[in-house]
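Chemist: let's see this in three dimensions:
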Amino acid sequence: MSNRYDAFNRIAPDYDFRRTTEGAYVIIPADPAVPHVAESVDYLIPEWQERLAAEGSDTFGQAQVVYDMARAYARKVTQYQERVPLVTRVNQYTGDDGIPRVLIDLGDRLTGFVVQVGPAGWYVHDPRTEGGLFDWTPVWHREANFQPLPLPDESPDRVPGEAKAWFREMLALSDRDWHLVWLWLMSVYFPHWTQQGLMFVASSQMGKSLRSAWLLSFLHPADPTLGGIGGDFPTTERGWGSLMHTSPILAFDDVESISPSQHQAMKQVITGAAFRTQTLYETRGTTTTTGKRPLLITASGTPAGFRDDLRNRIWTVSPTRPPLGRDLDAEFKRMAPAIFADLLDDLVIALKGFPDGLAEMDALIAAGQPVRPREIRALARSLDQATGAQYETAMLEERQDTLQAAAEEDRFARVVYEFVKAHPAGGELSNDDLLSELRGTALGMFDFESAGALDRAQWFPQDTGRMGSWLGRKADSLASVGVVFHARRGAKGIRLRSWDPLPGVPEPQPIITVNVHPAEGSHAQEAFS
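Modeler: I've put the predicted structure just below:
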């Protein structure tokens with residue numbers, strides 16, 4: 001028995017024993033020149049067995065012994081320690097000047113290089129020469145399939161911007177789409193911000209998965225065993241939570257449709273939500289995962305079920321041509337260190353003016369203007385003002401075009417738009433009468449065998465409650481084409497909906513006459529002038 005404890009006591013000083021904020025016990029190598037990465041305490045078992053075997057002791061069936069010893073030792077040494085959070089890939093923090101900064105785990109298994117990025121510049125921290133711990137160093141978490149990032153090129157021979165131009169050519173995007181992709185790449189390093197999704201839409205053989213994998217190379221490379229940039233959508237809350245728990249970005253390849261539950265989960269992922277999931281480094285117990293994650297999606301066309309309130313949180317870009325040339329992936333890997341360095345250069349520039357950009361966004365919000373996503377748009381404005389580029393313009397144009405396309409593609413939205421175009425000076429109707437008018441418009445626009453066929457159409461609301469809900473969900477896309485509705489209660493509690501005049505329409509004449517029929521109680525009849 002003493003051999004067992006002696007062997008363990010010789011191993012224990014090589015590790016720091018800590019307890020995570022989730023309550024799990026972990027060990028971290030004490031050597032500052034190796035990655036500061038957490039491992040489960042059962043990581044000690046093979047080393048313990050090797051030491052005992054070298055001394056001629058039998059270790060068969062004794063794994064539980066060392067595990068129990070490690071747990072007992074961990075409880076003793078951590079009982080007065082502050083619990084530590086685990087961080088996957090990126091740690092965001094704020095400096096004394098109020099400007100955000102990030103640390104990026106490059107993921108190499110031997111050295112533990114970390115990139116520190118702030119408004120004063122960026123540099124690669126080498127623990128072999130500078131020590132393993134410095135301000136804001138977190139305890140990193142890595143999964144078994146964790147892939148390394150390229151080491152940013154710090155060579156004095158690098159020509160700033162040269163690799164960025166090469167990358168832009170290889171992505172083969174329009175000018176606006178390029179600005180969106182490059183801005184998105186800078187924004188994904190800030191997990192405290194409301195995030196933005198990115199979706200590559202193109203037909204097969206256009207290289208959308210290849211190019212998406214290139215983008216992931218600068219944050220969290222895809223598991224090479226997946227055969228793509230990501231797997232299928234999770235089917236449970238724990239599945240979504242596990243993805244958030246172990247990855248700084250959620251990627252899904254070749255998406256054809258989005259169900260209502262998947263739609264809601266992706267909105268929560270982008271804006272920040274809580275999911276119950278398995279506790280890391282423990283075989284039982286659950287924890288709450290919170291945070292915000294960017295999304296990366298590829299699709300051959302607009303996925304079915306892609307609703308407005310998710311569309312305006314995901315930028316859509318399309319390659320203009322398939323990849324050209326041989327061994328493009330090998331060439332990309334050769335260029336990746338310089339591309340990464342150019343990306344970090346631009347991020348430093350954007351961070352310098354970020355406080356001013358954020359103040360301008362807050363002023364717009366106070367004036368009643370939407371600026372979502374606030375921090376990313378502030379980053380875009382800061383970069384524009386420093387470089388003369390048009391990242392913010394690209395954001396605004398993409399949002400407008402996406403919502404207009406949504407209004408044109410959605411049959412119910414088209415019906416609403418056609419109805420308002422027939423009454424462009426504005427108006428007001430009871431909910432019942434508005435539904436009736438929309439029904440008449442739909443029957444006139446689409447070829448139905450009978451009026452009853454519209455009652456069976458899933459895209460048209462069958463009651464005023466659904467009509468109100470759908471108008472709310474499609475408010476952004478309808479507003480992009482000038483259609484804005486307002487709800488209120490009229491006399492005797494009648495539910496009314498008014499719509500604003502379409503932009504450019506001459507000043508409206510009085511158009512509303514409301515006659516309440518006592519016998520009908522809850523109905524109002526309006527006449528258009």
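Chemist: for the closest residue in space to Phe113 that isn't next to it in sequence, give me its contacts.
Modeler: Excluding the flanking residues, the one nearest Phe113 by Cβ to Cβ, 6 or more residues apart in numbering is Leu106, at 4.3 Å. (Each C-beta comes from the backbone N, C-alpha and C, glycine too.) Residues in contact with Leu106 (Cβ atoms under 8 Å, 6 or more residues apart in numbering) are Phe113, Val114, Val115, Val124, Pro148, Leu149, Leu151.
Chemist: and Leu106, how far from Ser217?
Modeler: Using Cβ to Cβ, to the nearest Å, Leu106 is found at 12 Å from Ser217.
Chemist: quick one: pLDDT of the residue nearest to Thr246 when sequence neighbours are not counted?
Modeler: Leaving out its chain neighbours, the residue that sits closest to Thr246 by Cβ to Cβ, 6+ apart is Glu143, at 5.2 Å. Note on Glu143: pLDDT of 85.
Chemist: ok, now Thr283?
Modeler: Here, the pLDDT recorded for Thr283 equals 57.
Chemist: what does the domain assignment say about the chain?
Modeler: 2-78, 86-140, 162-349, 410-526 (automatic domain parsing).
Chemist: looking at those, which one has the lowest mean pLDDT?
Modeler: In terms of average pLDDT, domain 410-526 trails the rest of the domains of the chain, at a mean of 78.
Chemist: picking up where we left off before, export the domains of the chain to TSV and tack on distance to Leu396?
Modeler: Converted to TSV, the domains of the chain look like this (distance: least, Cβ to Cβ, whole Å):
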stretch	distance to Leu396
domain 2-78	39
domain 86-140	23
domain 162-349	10
domain 410-526	11
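Chemist: wait, which of those domains is closest to Glu398?
Modeler: Closest approach to Glu398 among the domains of the chain (Cβ to Cβ): domain 162-349, 5.5 Å.
Chemist: and the end-to-end length of that closest one?
Modeler: This stretch, domain 162-349, spans 17 Å end to end (Cα to Cα, to the nearest Å).
Chemist: kindly report the same for stretch 293-309.
Modeler: End-to-end distance of stretch 293-309 (Cα to Cα): 17 Å.
Chemist: roughly how far is that stretch from the heart of the chain?
Modeler: 12 Å (Cα atoms, centre = their mean, to the nearest Å).
Chemist: what do you get for stretch 174-183?
Modeler: Centroid separation between stretch 174-183 and its chain, computed with Cα atoms, centre = their mean, is 17 Å.
Chemist: quick one: buried residues of that stretch?
Modeler: Arg176, Asp177, Trp178, His179, Leu180, Val181, Trp182, Leu183 (16 or more other Cβ atoms under 10 Å).
Chemist: so who does Leu502 touch?
Modeler: Taking Cβ under 8 Å, 6+ apart, we find Leu502 in contact with Val420, Lys421, Pro424, Gly482, Val483.
Chemist: quick check: the first one touching Arg497?
Modeler: No - in this structure, Val420 is not within contact of Arg497 by Cβ atoms under 8 Å, at 11.3 Å.
Chemist: give me the distance between Gln64 and Arg71.
Modeler: Gln64 sits 10 Å away from Arg71, going by Cβ to Cβ.
Chemist: can I get whichever strand or helix holds Val115 in PDB, CA atoms only?
Modeler: Assigned by DSSP states H and E, Val115 belongs to strand 114-118. Provided in PDB are the C-alpha atoms of strand 114-118 (Å, rounded to 0.1, in the frame of the first residue of the first chain):
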ATOM      1  CA  VAL A 114      -0.900  32.000 -27.100                       C
ATOM      2  CA  VAL A 115      -1.700  35.100 -29.200                       C
ATOM      3  CA  GLN A 116      -2.500  38.200 -27.300                       C
ATOM      4  CA  VAL A 117      -4.400  40.900 -29.200                       C
ATOM      5  CA  GLY A 118      -5.200  44.500 -28.100                       C
END
